[in-house]
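Asks: Everything below, folded, please.
(one chain, ligands or ions: 2)
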Amino acid sequence: MSESCLFCKIVRKEIPASIVLENEHVVAFRDIDPKAPTHVLVVPREHIATLNDVTDAAMVGHLMLAAAEIARAEGIAESGYRSVVNCGADGGQTVFHVHVHVLGGRTLNWPPG
Ligand code: AMP
Ligand code: ZN
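Replies: Ligands and ions are numbered 1, 2, ... in the order given. Below you'll find the model as predicted:
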């Protein structure tokens, strides 16, 4: 847990978020600045800064299974969606609490910018 981390504050419910799923391992909430009709962020309850700092293979599983569960709940599992982890400066990471973006509800471009 990190006192000042934005996503730790959301996990602790110290700041509001539109939570769509939570379990023992992860919390998922809508992105405040959505880039697609569905844009949800899945974060581990524990503070892990970046993908480089993940050591627990099971945690990756919890994050990705939650992403797929959210896609089903949002009705985009069949039409398709993207699950993305931005890592570090060149990866475009701006919040240093690791998170999986779940994006869908429109055709997504590839490659990303
Ligand atoms: P990244 O750039 O991969 O680190 O993604 C961080 C994401 O967090 C961005 O898409 C932001 O729009 C989103 N974000 C920032 N602050 C909040 C917040 N308070 N609630 C929900 N999403 C947020
Ligand atoms: Zn954190």
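Asks: What residues does the protein have near ligand 2?
Replies: Listed as neighbours of ligand 2 in the chain under the rule C-beta under 5 Å from the ion: 2, 5, 7-8, 47, 97. The way it works is simple: take the backbone N, C-alpha and C, and place the C-beta from them, glycine included.
Asks: and the two most separated of the residues you listed?
Replies: Spanning the widest gap among the residues of the chain next to ligand 2 are S2 and F7, at 8.9 Å by C-beta to C-beta.
Asks: shared neighbours, those two?
Replies: Residues touching both S2 and F7 by C-beta atoms under 8 Å, 6 or more residues apart in numbering: H97.
Asks: circling back to that earlier point, between the residues of the chain next to ligand 2, which is nearest P16?
Replies: Using C-beta to C-beta, those come closest to P16 at F7, 13.0 Å.
Asks: Name the spans of this structure whose pLDDT lies under the cut-off.
Replies: Within the chain, the segments meeting pLDDT under 70 span 1.
Asks: Can you list the residue ranges for helices in it?
Replies: 6-11, 57-74, 88-91 (DSSP state H).
Asks: Out of these, the one nearest E24 is which?
Replies: helix 57-74 (8.5 Å).
Asks: List of residues touching that closest one?
Replies: With C-beta under 8 Å, 6+ apart, helix 57-74 has contacts from 20-21, 23, 25-26, 28, 38, 40, 42-44, 48, 54, 77, 81, 83, 98, 100, 102, 104-105.
Asks: ok, 6 Å please
Replies: Contact partners of helix 57-74, identified using C-beta atoms under 6 Å, 6 or more residues apart in numbering, comprise 21, 25-26, 28, 38, 40, 42, 44, 77, 81, 83, 100, 102.
Asks: Buried subset of the residues of the chain next to ligand 2, written for PyMOL?
Replies: Applying 16 or more other C-beta atoms under 10 Å to the residues of the chain next to ligand 2, the buried members can be selected in PyMOL as follows:
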select buried, resi 5+7+8+47+97
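Asks: No further queries at this time; thank you.
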